[in-house]
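S.K.: the amino acid sequence is not available; the structure is as follows:
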Ligand SMILES: [Ca+2]
């Protein structure tokens, strides 16, 4: 007999998940849980554009010194800037899984970039499809690299294995288009946009549509479109180099060790190209993404649905460019966990609005379901921000929970849990002899003065620690998920830059005289 899920079943399942070994999945082949309908919301078209590794401030209207992103800027001008947007885990696959499931990483269990999503995982577009939407996924899926077959929830599918390629690596390299192999012809950002527009051209007013356009850019190896190559070769850069990150400032030891690693500025990607070269290429690669946004917006105008369509843009995680002496992501610092997020729907929101609340990638599913007139499933951790621009008295979170689980592939970044509030950020590490961190983001937005050992912040630290573990408990995060390591380990250090020497312990951990006078 086929098993049907009632709302009660879902509730029971959700409670079980939260209280025990927590896997919020449904048995493969079971029906989707029923969702209540929001009677007053007219289902509208939604375009969701995701960019890979786009940090929150690499965007023109944020006051960037040279980067020009007129189309992304237009989303802010004609829509809403969700200026405090974060990801629950700053890593491609876990973040994508959180977007698609509305759940934290420990619940969806996509804890690294190497595995497929556990069978039975529900992606929110499945609810849209059942509600009558026409749905498409175009671009980077990247939850596991072993296959690129169409996934549940999408009528139309264009994707590739793993990270994909900016340019075809050989003449026979193919994309998966609805299960068929199609040659990749050119530069991936442009080609994915072509596919997206071809699909939009087929949409009619009979059914609302949902497009999930998921760019490969601007992930490393940063490769701009030919038309943008070298555009920023001569711009003056003033990137941070980890100034003030020292044993004296109580910066954790592991952070200073990471400087000379795959993810540090002294040995970035184990190359000698240097930070400036990488950042220029990163910015140049973003220009094609901005072109893509422009083409999609233009096409919505051509279809006559520009005003009524909800467009949401975000990055799947941030990216460090020299802050704390690091590059890349994973860590709990602002440049890593904070992402650009913009939404536009002229019929709903006046232009130029700013949302200050702490938004997460786990909120995307609930918000898009809201736009489709559907309530948030009980098992999701996120909540809808659809009404926030119009009603900022809506009950909202005061802290955002951040989690990263250690990967042997990049052993320099430890398992960490963080709590990010309006003012303070608390970071704690698991299985590591080092110092935790507390930052006052108001007075120290660069997170260079670790207050963890300052007596006047003792109460703040204790309260935030309590709150963090309370949230982990509520959300089923007290079990640390593990996978058998898979793939190579980027664990080298550059001898000429002090590769054999470890960093000094933070001052707060070092004492001058023995303290246990009664040892026997
Ligand atoms: Ca990413």
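M.R.: Great, that's in hand. All values derive from a computational prediction rather than experimental measurement.
S.K.: now the residue in the stretch 151-300 of the chain positioned nearest to the ion: closest residue in space that isn't a chain neighbour?
M.R.: Nearest residue of the stretch 151-300 of the chain to the ion: residue 219, at 5.9 Å (C-beta to the ion). To be clear about C-beta, it is placed using only N, CA and C from the backbone, and glycine gets the same treatment. Closest residue to residue 219 apart from its sequence neighbours, by C-beta to C-beta, 6 or more residues apart in numbering: residue 52 at 4.1 Å.
S.K.: could you do residue 293 as well?
M.R.: Spatial nearest neighbour of residue 293, excluding adjacent residues (C-beta to C-beta, 6+ apart): residue 71 at 4.2 Å.
S.K.: contacts only, for that neighbour.
M.R.: Shown in contact with residue 71 (C-beta atoms under 8 Å, 6 or more residues apart in numbering): 290, 291, 293, 294, 297.
S.K.: got the confidence number for it?
M.R.: At residue 71, the pLDDT value in this model is 98.
S.K.: which strand or helix spans it?
M.R.: helix 70-78 (DSSP states H and E).
S.K.: and residue 257, that's in a helix?
M.R.: Yes - the assignment for residue 257 by DSSP: H, G, I helix; E, B strand; the rest coil puts it in a helix.
S.K.: count of residues packed around it?
M.R.: 16 (other C-beta atoms under 10 Å).
S.K.: quick one: the spatially closest residue to it that is not a sequence neighbour from residue 447, how far?
M.R.: With C-beta to C-beta, 6+ apart as the criterion, residue 257 has its nearest non-adjacent residue at 4.9 Å, and that residue is residue 503. Distance, residue 503 to residue 447, by C-beta to C-beta, to the nearest Å: 17 Å.
S.K.: swap in residue 206?
M.R.: Distance from residue 206 to residue 447, by C-beta to C-beta: 51 Å.
S.K.: sorry, back to before: distance of the residue nearest to residue 257 from the ion?
M.R.: Distance from residue 503 to the ion, counting by C-beta to the ion, to the nearest Å: 27 Å.
S.K.: cool, residue 415 as well?
M.R.: 19 Å.
S.K.: and for residue 33?
M.R.: Counting by C-beta to the ion, the gap from residue 33 to the ion is 29 Å.
S.K.: cool, residue 411 as well?
M.R.: In terms of C-beta to the ion, residue 411 sits 19 Å off from the ion.
S.K.: and residue 122, how far from residue 130?
M.R.: Residue 122 sits 11 Å away from residue 130, going by C-beta to C-beta.
S.K.: cool, and residue 214?
M.R.: 21 Å.
S.K.: which one of the two has more residues nearby?
M.R.: More neighbours surround residue 214 than the other of residue 214 and residue 130, with 22 against 14 (other C-beta under 10 Å).
S.K.: so the more buried one touches residue 138, yeah?
M.R.: Yes - counting by C-beta atoms under 8 Å, residue 214 touches residue 138, with 6.8 Å between them.
S.K.: relative to residue 246, how far out is the residue nearest to residue 257?
M.R.: Distance from residue 503 to residue 246, by C-beta to C-beta: 9 Å.
S.K.: quickly list what's touching both of these two.
M.R.: With C-beta under 8 Å, 6+ apart as the test, residue 503 and residue 246 both reach residue 256.
S.K.: pLDDT below threshold where in this structure?
M.R.: 1-30 (pLDDT under 70).
S.K.: where along it do the helices fall?
M.R.: 7-19, 70-78, 92-101, 105-108, 125-130, 188-201, 253-258, 275-303, 334-337, 364-371, 458-474 (DSSP state H).
S.K.: of those, which approaches residue 402 most closely?
M.R.: helix 334-337 (5.5 Å; C-beta to C-beta).
S.K.: which strands and helices sit next to the closest one?
M.R.: strand 320-321 (3 or more C-beta pairs under 8 Å, 6 or more residues apart in numbering; DSSP states H and E).
S.K.: the strand it packs on - contacts with which helices or strands?
M.R.: helix 275-303, strand 327-328, helix 334-337.
S.K.: okay, these, which one's buried deepest?
M.R.: strand 327-328 (a mean of 27; mean count of other C-beta atoms under 10 Å).
S.K.: contact partners of that strand?
M.R.: Counting by C-beta under 8 Å, 6+ apart, 220, 262-265, 268-269, 275, 278, 319-321, 336 sit against strand 327-328.
S.K.: given it, what are its sheet partners and their directions?
M.R.: Pairing partners of strand 327-328, with direction, according to DSSP bridges: strand 320-321 (antiparallel).
S.K.: who's more crowded, residue 206 and residue 447?
M.R.: residue 447 (22 against 7).
S.K.: separation between the more buried one and residue 239?
M.R.: 16 Å.
S.K.: and residue 502, by the same measure?
M.R.: 25 Å.
S.K.: comparing the two, which shows the higher neighbour count?
M.R.: Each of residue 502 and residue 239 has its neighbours counted (other C-beta under 10 Å); residue 239 has more, 14 against 11.
S.K.: returning to that earlier point: can you pull the buried residues of the helix holding residue 71?
M.R.: 71, 72, 73, 74, 75, 76, 78 (16 or more other C-beta atoms under 10 Å).
S.K.: so what's the fourth one up against?
M.R.: Which is residue 74. Counting by C-beta under 8 Å, 6+ apart, residue 74 has contacts 294, 297.
S.K.: measure it to residue 294 for me?
M.R.: From residue 74 to residue 294 the distance is 8 Å (C-beta to C-beta).
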